[in-house]
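# Take this sequence and fold it.
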Amino acid sequence: MKIKILMVCLGNICRSPLAEGILKSKLDSNIYLVKSCGTSNYHIGNRPDRRSIAVGKKYGIDISSQRAAQFTVNDFKTYDFIYAMDNSNYQDIITLTNKNQDKNKVNLILEELHPNNNLDVPDPYYGGEQGFENIFELLNKACDNIVLKLEKLS
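Model prediction:
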């Protein structure tokens, strides 16, 4: 049975698709399933933002076939680990359940880099190309730490 990991942002077109692609590139797909979604329904079915696709491609990661989806309560049953990109989306996710076992699956992704700091991955949507480069670096480092954490569990 695969270990399932979900990356979540607001629209599922900028941050979480990159996080999905980055983590997938670092893990064995026979052991792990990595997906992404958004807490909103703004972009369901759309490809990731062209700037997310471009920065991924720059580093050898193709996320162009991903399609935006929305987080649902069923995701608590499906996924073992749920990573929110920011505090707002974290709150949106945990308000969908009152079960501690569900809430314990959810964490801010940057907690993997800076524990107990409650830091957000900045949303690059309204900015320029550099914002996408910056979030790639943050997510890449966080995903390295997730890989180390998963290796310790196995």
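
# where exactly do the strands run in the protein?
Using DSSP state E, the strands of the chain run over residues 3-9, 32-38, 81-84, 106-108.

# so which of the ones you listed is the most packed in?
The highest mean neighbour count among those, using mean count of other CB atoms under 10 Å, belongs to strand 81-84: a mean of 26. All C-beta spots, glycine's among them, are computed from the backbone N, C-alpha and C.

# what are the pairing partners of that one, and which direction each?
strand 3-9 (parallel), strand 106-108 (parallel) (DSSP bridges).

# Do I have it right that Tyr59 meets Phe136?
Yes: with contact defined as CB atoms under 8 Å, Tyr59 reaches Phe136; the gap is 6.7 Å.

# From the contact counts, what lies against the longest helix belonging to the chain?
Longest helix in the chain by number of residues, with DSSP state H as the criterion: helix 129-153. The contact analysis (3 or more CB pairs under 8 Å, 6 or more residues apart in numbering; DSSP states H and E) places helix 129-153 against helix 15-26, helix 50-58.

# Just checking the distance from it to the centre of its chain.
Taking CA atoms, centre = their mean, to the nearest Å, one finds the center of helix 129-153 at 10 Å from the center of the full chain.

# Contacts for that helix next, please.
Contacts to helix 129-153, defined as CB atoms under 8 Å, 6 or more residues apart in numbering, come from residues 3, 5, 14-15, 18-19, 22-23, 26-27, 32, 49, 51-52, 54-56, 59, 81, 83, 109-110, 112-113, 121-122, 124.

# List buried members of these by neighbour count.
5, 14-15, 18-19, 22-23, 27, 32, 49, 51-52, 55-56, 81, 83, 109-110, 112-113, 121, 124 (16 or more other CB atoms under 10 Å).

# For the closest residue to Leu113 other than its chain neighbours, grab the count of nearby residues.
The shortest distance from Leu113 to any non-neighbouring residue, by CB to CB, 6 or more residues apart in numbering, is to Ala142 (5.1 Å). A count of neighbours around Ala142, defined by other CB atoms under 10 Å, yields 24.
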